[in-house]
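In: okay, predicted coordinates and the sequence, questions at the end:
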Amino acid sequence: MAVIDQPDATVVVMVPFPAQGHLNQLLHLSRLFATYNLPIHVLTTTIHNRQATTRIPLSTTNITFHHHATPHFTSPPPDPNANTKFPTQLIPAFESAMHLRQPFNDLISSVAPKAKRVVVIYDYLMGKVVQDVVLHDNVEAYMFSCCSAFASFWYHYEAKKTPKLDSELELLLKDVPTNDGCYSMEGWQFIVSTDVSQMKFSSGTILDASRVIEGKYIDLIEQEDYQGDQKLYALGPFNPVEITHDSSHKRHQLFDWLEKQSPNSVLYVSFGTTTSMDKKEIQEIALGLEKSDQRFLWVLRDADKGDIFEGENRKIELPKGFQERVGERGLVVGDWVPQLEILGHPSTGGFMSHCGWNSCMESMTMGVPVAAWPMHSDQPRNAMLITKVLNVGLYVRDWTQRDEFVTSTKVEEVVRRLMASKEGEEIRNRAAELGAKVRQSVTDGGITRMELDSFVAHVTR
Ligand code: UDP
């Protein structure tokens, strides 16, 4: 539904990067801004985002989508020698999104003359699309960085070698994953080519990060990069903290099974939308889950189910007789699932995850501990935050030990430790405590809510 922009109002224009994880965060942020009655426009590419936007229920009339057909590009072949699963499919999505510059300028020219102020919030990979904001007096831009403050801090440190590290950070430094290990060659060139330092025209940066979780790292970034006019806003979690089932959507059948399980007994297993496991890895996970004797809900989609690896010829093959042997103890689901609702369900007691930042924030919000299996980009650093800094998870694939291949024995061991041991119970209790603090922080008077109020007051001044 179209929004009728009120004259003299502040209008928000969101420019997400067209990949599910990036997009989810800005859609959730749009939902938050809509609660302040701000009209919001979201600019996206048709080919990449039609499915992505329909996956997040947004029951508000304040948001207008502008989908633009942009050219289609094909992926470079994956680098067979890369020690990473960086999804090279992101590169054609990016090339295609760069064609949004003209549609963006057209949109701004249509809304800016009628608005008091236009606030552009753009994914850090989309700086080239929005660079013409400088041509308008009443348009200001804020960069959105989709990573954790922890990962952002170490990216900064890797590039500048400042600030001087305290003893705690010194200790972490020896294990912090470096860029070399987290990206393929094409992947790293792609990130560099986006020129992420477009601070010239940016009035500040927004993070999907919470001071309750990462206060120390948010402060460090602020001290390093935000001493002038630009400001840093930590407005996370963007995702909802209270789960209400959207009655316009049919409830997923998996909840019939989840409802029957005892509290905290189920391990939810899902690796996001940019990573596909190969046949051997799937076999090892299956055998590990089987041997662990724990209950699990495993999301395992074929390649044709519309994730970023669309076009790959991947068909899921589980070990022979796996489902019969596991029986009622496990459920394998082959389609899109409402992850936040699963994490918020009382039966869910653990999350085996690739540590994409949305997944991390969602599990911390819901107080669910993580079995971390990072694959690429910021995920190894997020996994370190979860396991070594916050102690709300355990490594399955320990990047700091250069774990290359995860065996079923390792999967079994970590699942048992997390789901059925004293150590796991302590980790779960810590995760629950953190979750309670995070949820409190977004209620009236909470630290995140106040920061959001202050951002909105600033842009509507
Ligand atoms: N997601 C979901 N259902 C699925 C798979 C993913 O709701 O079946 C959501 C998940 O809740 C998260 C996002 O998709 O918000 C994935 O983002 P994340 O940063 O965790 O990983 P990415 O997919 O970007 O690697």
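Out: Received, thanks. Quick caveat: nothing in here was measured; it's all calculated off a predicted structure.

In: touching the ligand at all, stretch 345-364?
Out: Yes. Using CB under 6 Å from any ligand atom, a contact is recorded between stretch 345-364 and the ligand, made by Gly356, Trp357, Asn358, Ser359, Glu362. For glycine as for every other residue, the C-beta is placed from the backbone atoms N, C-alpha and C.

In: can you pull out the low-pLDDT segments for the stretch 51-200 of the chain?
Out: 51-60, 76-84, 195-199 (pLDDT under 70).

In: show me where it has its helices.
Out: Assignment of helices within the stretch 51-200 of the chain using DSSP state H, counting those that start in this stretch yields the ranges 90-97, 101-111, 127-130, 149-160, 167-173, 179-182, 185-193.

In: ditto for the stretch 301-450 of the chain
Out: Residue ranges of the helices in the stretch 301-450 of the chain, as given by DSSP H, counting those that start in this stretch, are 322-326, 339-343, 357-366, 379-384, 408-419, 422-441, 447-459.

In: for Gln283, which of those helices is the nearest?
Out: Proximity to Gln283 (CB to CB) singles out helix 408-419 among the helices of the stretch 301-450 of the chain, at 7.8 Å.

In: which elements pack onto that closest one?
Out: Identification of packing neighbours for helix 408-419 by 3 or more CB pairs under 8 Å, 6 or more residues apart in numbering; DSSP states H and E yields strand 266-270, helix 279-292, strand 348-353, strand 370-372, strand 393-395, helix 422-441.

In: what is the first one packed up against?
Out: Packing contacts for strand 266-270, counted by 3+ CB pairs under 8 Å, 6+ apart, involve helix 279-292, strand 295-299, helix 339-343, strand 348-353, helix 408-419.

In: alpha carbons of the third one, as CSV, please.
Out: Yep, that's helix 339-343 we're talking about. Once side chains and other backbone atoms are set aside, the C-alpha atoms of helix 339-343 remain, and they are given as CSV (Å, rounded to 0.1, in the frame of the first residue of the first chain):
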residue,chain,number,x,y,z
GLN,A,339,13.2,-18.6,13.0
LEU,A,340,12.4,-16.0,15.5
GLU,A,341,9.3,-17.8,16.6
ILE,A,342,11.2,-21.0,16.9
LEU,A,343,13.9,-19.3,19.0
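
In: Serialize the residues of stretch 345-364 next to the ligand to CSV and add fields for neighbour count and pLDDT.
Out: Rendered in CSV, the data for the residues of stretch 345-364 next to the ligand read as follows (neighbours: other CB atoms under 10 Å; pLDDT from 0 to 100):
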residue, neighbour count, pLDDT
Gly356, 26, 96
Trp357, 27, 97
Asn358, 24, 97
Ser359, 24, 98
Glu362, 23, 97
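
In: quick check: the most centrally placed residue in the chain vs Lys174, distance?
Out: What sits nearest the mean C-alpha location of the chain, by CA atoms, centre = their mean, is Asn358, with 2.6 Å. From Asn358 across to Lys174, the span is 28 Å (CB to CB, to the nearest Å).

In: what's near enough to touch Gly349?
Out: Pro263, Asn264, Ser265, Val266, Leu267, Val368, Pro369, Met419, Arg428 (CB atoms under 8 Å, 6 or more residues apart in numbering).

In: per-residue confidence at the third one?
Out: For Ser265, the model assigns a pLDDT of 98.

In: okay, now it: neighbour count?
Out: 18 (other CB atoms under 10 Å).

In: that one touches Arg295, doesn't it?
Out: Yes. Checked against CB atoms under 8 Å, the pair Ser265 and Arg295 is within contact range at 5.0 Å.

In: mind checking the helices of the stretch 51-200 of the chain for the one nearest to Arg402?
Out: Taking CB to CB as the measure, the helices of the stretch 51-200 of the chain were each checked against Arg402, and helix 179-182 came out nearest at 8.3 Å.

In: and the stretch 351-461 of the chain, which residues reach the ligand?
Out: Going by CB under 6 Å from any ligand atom, the residues of the stretch 351-461 of the chain near the ligand are Gly356, Trp357, Asn358, Ser359, Glu362.

In: can you list the residues of this protein near the ligand?
Out: With the criterion set to CB under 6 Å from any ligand atom, the chain comes near the ligand through 20-21, 24, 270, 272-274, 299, 336-340, 356-359, 362.

In: for the nearest residue to Arg449 once chain neighbours are set aside, what are its contacts?
Out: The shortest distance from Arg449 to any non-neighbouring residue, by CB to CB, 6 or more residues apart in numbering, is to Val442 (5.3 Å). Contacts for Val442 (CB under 8 Å, 6+ apart) come out as Pro237, Val241, Thr448, Arg449, Leu452.

In: greatest separation within those residues: which pair is it?
Out: Val241 and Leu452 (12.8 Å).

In: those two: who's more crowded?
Out: Using other CB under 10 Å, the more surrounded residue of Val241 and Leu452 is Leu452, with 23 against 18.

In: what sits against that one?
Out: Leu452 sits next to Leu32, Tyr233, Leu235, Val442 when contact means CB under 8 Å, 6+ apart.

In: and it, how close does it get to Ala436?
Out: When distances are taken as CB to CB, Leu452 and Ala436 turn out to be 19 Å apart.
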